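Undergrad: what shape does this take:
(2 chains)
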Amino acid sequence: MDRLQYSALMIACLLLTLPLEFVFGARVWRQPRRLARAVVPVALFFLVWDLWATNRGDWGFNPKYTIGWKFPGGMVVEEILFFVAVPVCALLSLEAVRNMLAGTTPLQRWIRER
Amino acid sequence: MPIYPVLAVSSAILVVALELLYFRSGLFRSRAYWMSMAIVVGFMIAVDGWLTKLSAPIVFYNDANTSGIRPVWDILIEEYAFAFALLTMVILLWDRSAPAVANETASA
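TA: Okay, the predicted model is just below:
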């Protein structure tokens, strides 16, 4: 079970931030093309850096806490998950705050209508 | 000079330069951006802290290539610059492809 630690942590981040999409009307997951245009180029840049740094031995991933699925070059699958999950969480938080400040979240509407 | 802090700070400076000289979106004057970054730092301490804690690290570093400065829960100080660069760059690209109707909320 310990080998699921890294991947489970990333999935937990995505599940815990999912309510922001609906309760705070973040509309991040519901704009998949826009999301891909923001996340993919940055993820690719950071994954190249990551690959370079792990091959140099600057940092590495504990085989005890990773599933063991590796891409060519030695990239662990969890690291790809990281560079998708973490930006998605940040965008959800940004859009939730923007809606809060504008008073346009479904939650605020629901409270006003009561 | 250890390479990780040098590259992390360089990437943060590069992203700031991209916003100020190229995107000019006004993101750094946006209250929502700084409020969400404050929230993100809170969650980053939990998640990155769990990933890099020295007692049972999921991600480990070659000490020769880091600053070795770990002020909060074993998180290397350069990780904050790394996270800033990663997330701000994603936000800049996200805002650039905002649909026309979302523009008014983007300036909040």
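Undergrad: and A:Arg30, what are its phi and psi?
TA: Main-chain dihedrals, A:Arg30, degrees, to the nearest 10: phi -80, psi 0.
Undergrad: need the contact list for the one residue sitting closest to the centre of chain A.
TA: Closest to where the C-alpha atoms of chain A average out (C-alpha atoms, centre = their mean) is A:Ala85, at 1.4 Å. By C-beta atoms under 8 Å, 6 or more residues apart in numbering or on different chains, the contact set of A:Ala85 is A:10-11, A:13-14. To be clear about C-beta, it is placed using only N, CA and C from the backbone, and glycine gets the same treatment.
Undergrad: list the buried ones in the longest helix seen in chain B?
TA: Taking DSSP state H as the assignment, the helix of chain B that covers the most residues is helix B:31-52. Going by neighbour count (16 or more other C-beta atoms under 10 Å in any protein chain shown), the buried part of helix B:31-52 is B:32-33, B:35-37, B:39-40, B:43-44, B:47-48, B:50-52.
Undergrad: anything in the next helix or strand after it near chain A?
TA: Using DSSP states H and E, the next helix or strand after helix B:31-52 towards the C-terminus is strand B:59-61. Yes - interface with chain A: strand B:59-61 contributes B:59-61 (C-beta under 8 Å from any C-beta of the partner chain).
Undergrad: which residue packs closest to the residue nearest to the centre of chain A, ignoring adjacent ones?
TA: Excluding its sequence neighbours, the residue lying closest to A:Ala85 (C-beta to C-beta, 6 or more residues apart in numbering or on different chains) is A:Met10, at 4.4 Å.
Undergrad: so how far is the helix or strand containing A:Gln5 off the chain centroid?
TA: Using DSSP H and E, A:Gln5 sits within helix A:5-23. The chain centroid and the centroid of helix A:5-23 are separated by 8 Å, computed with C-alpha atoms, centre = their mean, to the nearest Å.
Undergrad: now swap in stretch A:52-67 and tell me
TA: Centroid separation for stretch A:52-67 versus its chain: 20 Å, with C-alpha atoms, centre = their mean.
Undergrad: what's the answer for stretch A:4-15, then?
TA: So, by C-alpha atoms, centre = their mean, the centroid of stretch A:4-15 is 10 Å from its chain's centroid.
Undergrad: got it, and stretch A:93-107?
TA: From the chain centre to the centre of stretch A:93-107 is a distance of 19 Å (C-alpha atoms, centre = their mean).
Undergrad: list the buried residues of it.
TA: Applying 16+ other C-beta under 10 Å to stretch A:93-107 flags A:93-100, A:105 as buried.
Undergrad: for that stretch, which outside residues touch it?
TA: By C-beta under 8 Å, 6+ apart, the residues outside stretch A:93-107 that reach it are A:17, A:20, A:22-28, A:108, B:31-33, B:35-36, B:39-40, B:91, B:94, B:105-106, B:108.
Undergrad: try 6 Å
TA: Contacts with stretch A:93-107, where a contact means C-beta atoms under 6 Å, 6 or more residues apart in numbering or on different chains, come from A:20, A:23-26, A:28, B:32, B:35-36, B:39-40, B:105, B:108.
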